[in-house]
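Q: what's the 3D shape of this:
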Amino acid sequence: MHPVGCHVDGDQPLKIADALGAGCVQIFLSDPQSFKAPPKRHDEDELRNSPVPIYVHAPYRINVCSPASNVRYGSRNVLKSTLTAADRIGAAGVIVHGGHAEDDVAEGFGRWARTIEDLSCETPILIENTAGGKNAVARRMDDFEKLWTKVQDVNPKITLGVCIDTCHAHSAGEDVSDVIERVISFAGKVDLLHANDSKDAAGSGRDRHCTLGTGEIDPEALRHMIRAANAPVICENKQPQPGEVMQSDMDFVREALGG
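A: Predicted structure coming up:
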């Protein structure tokens, strides 16, 4: 079985993982709403040598496909600094939202490709689907496929992958009964699954997570997506400290996987 874990506070991720019995964790290395570079951590050696896979979520403000040069270049810089920091801790992957190209989605594909051309890192870069927004380059799976086709072979020195968020797919209006299979058909595999339920109706474009099995996504559809992904799973019903909600979500995933 692939590891099952959750997004946790970044100060003591291994301690929280141990308290929850999590098989993997996801953290931020810097303020997710900032363009500031991640600071050096005192526990880099400990994290790098841990058997627990640690995923890093890049700051939300990153939008490498923006037509605004200050946003685009600022995003590229913070992505580079996040990847450098992730390399130092031996991260299992850095998750980056697809972003928005306010002028034209196709232009966004090209800007993503030019961004990737200039990257050098050991940590895999996992592009994540998004829930909403005008001209989002990875909201609808047909657009995500076009983006993937554009970027997958641009830079052989790095590893690219796909992170699929179940809440985002639901909120984007995708048919969740086969969305994972459609991703696998163009990307080959799902590298990481964000298993999240949604507080909002399908197609709402809203990204509001809730406890698995209690929201607007059919629980059986959630179980199917979890099984079909055949990938490590992170639950993102975020809490700063270990709690019943995190445990409940991981239990839901493990039960879906038959473990």
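
Q: In contact with the residue nearest to D218 when sequence neighbours are not counted, which residues?
A: Leaving out its chain neighbours, the residue that sits closest to D218 by C-beta to C-beta, 6 or more residues apart in numbering is V176, at 7.6 Å. Where C-beta positions appear, they are placed from N, C-alpha and C, glycine not excepted. Neighbouring residues of V176 by C-beta atoms under 8 Å, 6 or more residues apart in numbering: T166, A169, H170, A202, I217, D218, A221, M225.

Q: next one: A138
A: Per C-beta under 8 Å, 6+ apart, neighbours of A138: H97, G98, G99, I127, E128, N129, T130, F144, L147.

Q: and if you look at T166?
A: Counted by C-beta under 8 Å, 6+ apart, T166 has contacts V176, L193, H194, A195, N196, D197, I217, L222, M225, I226.

Q: Out of those residues, which comes closest to P39?
A: H194 (25.4 Å; C-beta to C-beta).

Q: What is the burial count for the closest residue in space to that closest one that isn't next to it in sequence?
A: Spatially, and ignoring its direct neighbours in sequence, H194 is nearest to D165 (3.8 Å; C-beta to C-beta, 6+ apart). When counting by other C-beta atoms under 10 Å, one arrives at 25 neighbours for D165.

Q: The residue nearest to D200 when sequence neighbours are not counted: what's it in contact with?
A: Leaving aside its sequence neighbours, D200 sits nearest to R206 (C-beta to C-beta, 6+ apart; 4.3 Å). Contacts for R206 (C-beta under 8 Å, 6+ apart) come out as A131, G132, S171, S198, K199, D200.

Q: For P124, see how far away the third one is.
A: Same thing as S171. Using C-beta to C-beta, to the nearest Å, we find S171 at a distance of 25 Å from P124.

Q: just curious, which of the contacts of A138 is nearest to L47?
A: E128 (21.8 Å).

Q: Looking at the contacts of T166, state which has the most neighbours.
A: That'd be N196 among the contacts of T166, by other C-beta under 10 Å, with 29 neighbours.

Q: Backbone dihedrals for I95, please?
A: Dihedral angles of I95 (phi, psi; degrees, to the nearest 10) stand at phi -90, psi 130.

Q: again but with H194, I slipped
A: phi -90, psi 110.

Q: try the one 5 residues further on
A: K199 adopts backbone torsions of phi -80, psi -10, taken as degrees, to the nearest 10.

Q: Check it and give its pLDDT.
A: pLDDT recorded at K199 is 95.

Q: tell me the contacts of it?
A: Contact partners of K199, counting by C-beta under 8 Å, 6+ apart, are R206, R208, H209, C210, G215, E216.

Q: Take the contacts of A138 and write them to TSV, including secondary structure and neighbour count.
A: Listed next are the contacts of A138 as TSV, based on DSSP: H, G, I helix; E, B strand; the rest coil; neighbours: other C-beta atoms under 10 Å:
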residue	secondary structure	neighbour count
H97	strand	26
G98	coil	26
G99	coil	27
I127	strand	26
E128	strand	20
N129	coil	29
T130	coil	24
F144	helix	27
L147	helix	24
